[in-house]
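Asker: I would like the atomic coordinates for the input below:
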Amino acid sequence: MSDGGRERRETGRAVLQLPVEYDRLNPLLSDYTHNISRGGTFIRTHRPLEVGTALSFRIQAPELGELSLNGVVRWVVDADDAEQDRPAGMGIAFLYDSAAQQYEVELRLDRLMVDALGPEAYEKLMGRPAPIDL
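Answerer: All right, here's what the predicted structure looks like:
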C-alpha cells in the first residue's frame, strides 16, 4: 500500500459511508465510501482496482441525489494490510472535464459535508468557514 494519500491531502475529509456504484470489467459493483473530500474519496472494498486505473462511478446520497464522477485510483490498501482504522479499499482522486464541473461538484460536496457534519464540524475539518449560500 502507498501511504502517500495520507500525507498529501490538501483538504479535510469527512468520514461518510455512501453507496458507490462502478463498473469493473463489465460487472457493476456496489461498495461504500469510507470518507470523502473535495479532492477524492476512499472506497471500501476487498476488490480494489489497480493503482492508475481510471474509472467512472456514481455516489448516492439523499443530500446529493446521484453524483456521477470520474477518478483515478491513487493508492490501495489490500485486505492483508487492512486494519480497523485503515480498511481495505482504494483511494480515488477525482478528475474533472472542466473548471465549471469541478466547481459544481465541490459545491455539492460542501453541501453534503455541511449537512452531514454541521457547520462547526465542517469548519474544523476543512479549516475554513462553512459556506452559507448552500
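Asker: Who are the contact partners of the most centrally placed residue in the chain?
Answerer: Residue closest to the mean C-alpha point of the chain, counted by CA atoms, centre = their mean, is residue 41 at 1.7 Å. Shown in contact with residue 41 (CB atoms under 8 Å, 6 or more residues apart in numbering): 20, 33-35, 59, 71, 91-92, 94. In short, each C-beta sits where N, CA and C put it, glycine included.
Asker: make it 7 Å
Answerer: Residues near residue 41 by CB atoms under 7 Å, 6 or more residues apart in numbering: 33, 35, 92.
Asker: Give me the neighbour count for the last one.
Answerer: Residue 92 has 28 neighbours, counted by other CB atoms under 10 Å.
Asker: show me what contacts the residue nearest to residue 15 when sequence neighbours are not counted?
Answerer: The shortest distance from residue 15 to any non-neighbouring residue, by CB to CB, 6 or more residues apart in numbering, is to residue 35 (4.9 Å). Taking CB under 7 Å, 6+ apart, we find residue 35 in contact with 13-16, 41-42.
Asker: sec struct for residue 35, please.
Answerer: strand (DSSP: H, G, I helix; E, B strand; the rest coil).
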